[in-house]
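**Student:** Need a 3D model of the following:
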Amino acid sequence: MTALVQTWFYTAHKALQRLHNFRCMEATSFVPLIGPVGTTLGITRYPVPPDLKKSRVAYQIDPSTGFIVRFFEETSIETIRQNRWYTSPNSPEWPFGTDSDPNLNLPGQRQITSKSSKFAIWNDTIEIDPAPGITDNANYFQLDYYRWLLPPAENSFDWFTIHAFDYLTYRSLIEYAQASGGDTRLPMWQALVTSSWSEVRNPDVDASNSGELVMRG
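**Tutor:** Down below sits the predicted model:
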């Protein structure tokens with residue numbers, strides 16, 4: 001029975017995260033950019049944070065100054081592939097050899113510029129385009145994102161168990177009722193889940209008198 005209760009609680013905990021991107025789910029990851037070395041092209045594929053739910057903003061940062069060098073616009077993997085094809089020897093638009101093109105890096109690869117930097121998440125990797133140049137080697141690709149949170153261990157707490165305890169309780173009871181074949185109290189628990197969720201997602205009452213409305217969490 002204990003294992004079932006834990007399963008119902010885990011389901012409720014995950015369901016709450018699926019409903020909204022709460023502030024307690026905010027995270028930042030960073031990986032060093034790898035530019036070209038000799039005839040080796042710069043690396044365009046980087047690992048996705050394993051707990052990624054949704055990306056928010058991506059940018060290149062200089063760790064020596066803490067300054068942002070450029071932002072990356074999120075796009076589709078199709079756009080990334082097409083951009084790479086345009087700069088490949090198989091494309092009639094391959095620009096290598098035209099000295100007037102300031103974005104050239106190595107054959108078949110353009111250097112990152114602030115106006116053209118894009119990224120896409122595909123197959124558990126972050127694909128960027130264009131590739132990092134030699135001057136980008138000391139910089140980092142940084143991603144602000146919302147993460148999936150694991151349920152707290154027994155006798156431990158997190159933001160959800162403290163501030164949304166009522167929602168988790170009633171949502172767990174709904175899981176119990178459905179798993180046990182029904183319970184006459186199910187409609188009451190469903191109504192309480194709806195009302196508790198409304199309270200969790202709505203801003204604090206005094207926010208209307210103190211400034212911009214911001215969702216808690």
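
**Student:** alpha carbons only for contacts and neighbour counts from here, please
**Tutor:** Will do.

**Student:** distance of the closest residue to residue 173 other than its chain neighbours from residue 179?
**Tutor:** The shortest distance from residue 173 to any non-neighbouring residue, by Cα to Cα, 6 or more residues apart in numbering, is to residue 189 (7.0 Å). Note on residue 189: its distance to residue 179, by Cα to Cα, to the nearest Å, is 14 Å.

**Student:** These two: who's more crowded?
**Tutor:** When neighbours are counted by other Cα atoms under 10 Å, residue 189 and residue 179 differ, and residue 189 comes out ahead with 20 against 12.

**Student:** That one: what's it in contact with?
**Tutor:** With contact taken as Cα atoms under 8 Å, 6 or more residues apart in numbering, residue 189 is in contact with 170-171, 173-174.

**Student:** Buried residues, the longest strand along the chain. List them.
**Tutor:** If each strand of the chain is counted by residues according to DSSP state E, the longest one is strand 52-62. Of the residues in strand 52-62, those buried by neighbour count under the rule 16 or more other Cα atoms under 10 Å are 52-53, 55, 58-62.

**Student:** contact partners of it?
**Tutor:** 67-74, 138-148.

**Student:** PyMOL command to pick out the buried ones of those residues?
**Tutor:** The buried subset of the contacts of strand 52-62, as determined by 16+ other Cα under 10 Å, is captured in PyMOL by this line:
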select buried, resi 70+71+72+73+74+139+140+141+142+143+144+145+146+147+148
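
**Student:** Dig out what the nearest residue to residue 80 once chain neighbours are set aside forms beta bridges with.
**Tutor:** Residue nearest to residue 80 in three dimensions, not counting chain neighbours: residue 129, with 6.3 Å by Cα to Cα, 6+ apart. Beta-bridge pairing of residue 129, defined through DSSP bridges, involves residue 118.

**Student:** coming back round to it: helix or strand: which one has the residue nearest to residue 173?
**Tutor:** helix 186-201 (DSSP states H and E).

**Student:** Check the spacing between the residue of the chain positioned farthest from its centre and residue 174 real quick.
**Tutor:** The outermost residue of the chain relative to its centre, with distances by Cα atoms, centre = their mean, is residue 184 at 40.2 Å. Counting by Cα to Cα, the gap between residue 184 and residue 174 amounts to 11 Å.

**Student:** ok, now residue 155?
**Tutor:** As for residue 155, its distance to residue 174 is 22 Å (criterion: Cα to Cα).

**Student:** higher neighbour count, these two?
**Tutor:** residue 174 (23 against 5).

**Student:** Name the SS class of that one, please.
**Tutor:** Reduced to three states with DSSP: H, G, I helix; E, B strand; the rest coil, the structure at residue 174 is helix.

**Student:** mind checking pLDDT for it?
**Tutor:** Reported pLDDT at residue 174 in the predicted model: 94.

**Student:** cool, residue 131 as well?
**Tutor:** Here, the pLDDT recorded for residue 131 equals 87.

**Student:** was I right about it contacting residue 35?
**Tutor:** Yes: if you go by Cα atoms under 8 Å, residue 131 and residue 35 touch, sitting 7.3 Å apart.
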